[in-house]
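In: no sequence for this one, just the structure:
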């Protein structure tokens, strides 16, 4: 039985959805002040739909586009509008993806293609 899109998700469900370990999600909570899941009795985390979108964006920035923690935090604090608009203008797909890595290197083929496109655009602009 699948949950509705508005249902809360546990940390285990989110970790599985994003393809990361639960301790990574806890670390992201420390590093990204805007990420504040509900904490119930016993400290259990429950992620709302807006938390899920934020986690997917953080995952995309860190694991898909190669941002550092500091860079991703700055991107999110600035609203991501300027960088996102620039990426769209350069033909880079900035859609939210949660696919687990396709190979043992930890980087999906889609992420590598995105990096290749960004590098090609940067070289063409230089």
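Out: Now that the structure is in, tell me what you want to look at. Bear in mind the structure is a predicted one, so any value in this text is a computation, not a measurement. Residues are numbered from 1 along each chain as shown.

In: drop to CA atoms for contacts and neighbour counts, all remaining ones
Out: Will do.

In: how deep is the nearest residue to residue 61 once chain neighbours are set aside tucked in, by neighbour count?
Out: The shortest distance from residue 61 to any non-neighbouring residue, by Cα to Cα, 6 or more residues apart in numbering, is to residue 67 (5.4 Å). Other residues near residue 67 number 16, with proximity taken as other Cα atoms under 10 Å.

In: do the same with residue 16
Out: A count of neighbours around residue 16, defined by other Cα under 10 Å, yields 13.

In: Mind telling me what element it is part of?
Out: Using DSSP states H and E, residue 16 maps to helix 11-18.

In: Can you identify the element that follows that helix toward the C-terminus?
Out: Next along the chain after helix 11-18, taking DSSP H and E as the criterion, comes helix 22-31.

In: Indicate each strand paired with the helix or strand following that next one and its parallel or antiparallel sense.
Out: Using DSSP H and E, the helix or strand that directly follows helix 22-31 along the chain is strand 38-39. Sheet pairing of strand 38-39 (DSSP bridges) gives strand 45-47 (antiparallel).

In: what's the average pLDDT for the helix or strand just after the strand it pairs with?
Out: Counting by DSSP H and E, the next helix or strand C-terminal to strand 45-47 is helix 49-59. If you average the pLDDT over helix 49-59, you get 91.

In: Tell me which helix or strand comes right after helix 49-59.
Out: Tracing the chain past helix 49-59, the next element assigned as helix or strand by DSSP H and E is helix 69-77.

In: Return the set of buried residues in that next one.
Out: Within helix 69-77, the residues scored as buried using 16 or more other Cα atoms under 10 Å are 72, 73, 75, 76.
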